[in-house]
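# quick one, what's the 3D model for this:
(2 chains)
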Amino acid sequence: MKSRKYWVPILIVVFGLFAASCGSANKDAATAAIKVAEDAWNAAKGEVVKYIPDQAKGVDDAIKAAKESFDKGNFDAALASAKAIPDKVKELTAAAAARKAQLAKSWEEMSGGLPRMLDAVKSRLSILSQSKKLPEGLDKAKLEGARGGYEAAAKMWDDAKAAFSGGNVADAVAKANAVKEKTVEAMKALNMQVPQAAVKG
Amino acid sequence: MADEEKQQDTGSDAWDATQWHVVSKGETLSKIAEKYYGDPGLYMKIFEANSDILKNPDLIKIGQKLRIP
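Numbering: from 1, shown residues only, chains lettered A, B, ... in the order given. Predicted coordinates for the structure are as follows:
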């Protein structure tokens, strides 16, 4: 009985130390995992935000959740949350790269085709401005509408090229699509044949 | 859309914006100019755009494919 009297406090101290060391280990692991997650995200975030911005918030939220768990002393939860983030970042990095490649391809196609469409409309407008009478199916209002559409498209095309030169491919492609729509509209108003690629969208 | 205004074969270049017209029986450059521009007097625009295949604005052939600038 006497020896039991001494063993109980010793065991309590030993268990206490063991629990404390486990907690400390989990804390260290969670700290490291959060750092790894943040480093991975910081390296990838720029491209993800640029090409798939709607998906970036999920990772920001996951890092925030891991930190909140950590701050509440819930190191296991923080570790679990943080450990899942690098895989998600890897997935988003691949998706952003795929989107970037897709945009680059769209730009390449449109930058070859749109100037030719704009030139065709410009040429037709120039000749129609010399005409004494408008052709069947085209009145003055339609002609002026087509001219306005062409001028807006030509200006927007300059903006698209500037965006591309500035490295903003997503913005350049969005602008180029708007140019395409306006030019197609003008071509139809002028009773011109629209190139197949511009019709397909 | 003008029925006779044909697009160039798009098999190799789907972005080709060239406007085409295939000459029908009884057509002249003036008539074609009137159709597309409303003014037959602008026939020289078509002639100049097709100087590689036309040597005389009064001589065009049925089935000939002309660029319409």
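# do stretch B:14-30 and chain A meet?
Yes. Stretch B:14-30 reaches chain A (Cβ under 8 Å from any Cβ of the partner chain) through B:14-20. All C-beta atoms are positioned from the backbone trio N, CA, C, and that covers glycine.
# residue 55: what secondary structure?
This is for chain A. Put simply, A:Gln55 is helix when judged by DSSP: H, G, I helix; E, B strand; the rest coil.
# the chain in question should be chain B.
Counting by three-state DSSP, the backbone at B:Lys55 sits in coil.
# which of the residues of stretch B:14-30 next to chain A count as buried?
Buried members of those, scored by 16 or more other Cβ atoms under 10 Å in any protein chain shown, are B:15-20.
# any idea which of these is closest to A:Ala66?
Set against A:Ala66, the nearest of those by Cβ to Cβ is B:Trp15 (49.1 Å).
# now the closest one: closest residue in space, sequence neighbours ignored.
Using Cβ to Cβ, 6 or more residues apart in numbering or on different chains and skipping residues adjacent in sequence, the residue nearest B:Trp15 is A:Gly113, 2.8 Å away.
# likewise for A:Gly145?
Leaving aside its chain neighbours, A:Gly145 sits nearest to A:Ala189 (5.9 Å; criterion: Cβ to Cβ, 6+ apart).
# for the residue in chain A positioned nearest to chain B, what is the enclosing helix or strand?
Here the residue of chain A nearest chain B is A:Gly113; by Cβ to the nearest Cβ that distance is 2.8 Å. For A:Gly113, the host element (DSSP states H and E) is helix A:75-129.
# heading C-terminal from that helix, find the next helix or strand.
Next helix or strand after helix A:75-129 toward the C-terminus (DSSP H and E): helix A:140-165.
# so how many other residues sit close to residue 61?
With no chain named, the answer covers chain A. For A:Asp61, the count of nearby residues is 10 (other Cβ atoms under 10 Å in any protein chain shown).
# the chain in question should be chain B.
By the criterion of other Cβ under 10 Å, B:Lys61 has 8 neighbours.
# state the mean pLDDT of stretch A:175-182.
Here stretch A:175-182 scores 98 as its mean pLDDT.
# need the residues of chain A near chain B, please.
Proximity of chain A to chain B (Cβ under 8 Å from any Cβ) is limited to residues A:109, A:112-114, A:116-117, A:119-120, A:123-124, A:127-128, A:130-136, A:138, A:187-188, A:191-193, A:195-198, A:200.
# just to revisit the earlier point, dump the residues of stretch B:14-30 next to chain A to CSV, plus distance to A:Tyr51.
CSV is the format used below for the residues of stretch B:14-30 next to chain A (distance: Cβ to Cβ, whole Å):
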residue, distance to A:Tyr51
B:Ala14, 26
B:Trp15, 25
B:Asp16, 31
B:Ala17, 30
B:Thr18, 35
B:Gln19, 37
B:Trp20, 39
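# out of the residues you listed, which one sits closest to chain A?
Nearest to chain A out of these is B:Trp15 (Cβ to the nearest Cβ; 2.8 Å).
# I'd guess that closest one is in a helix, am I close?
No. Counting by three-state DSSP, B:Trp15 is not found in a helix; it is coil.
# for A:Ser21, give me the pLDDT.
Looking at A:Ser21, its pLDDT stands at 60.
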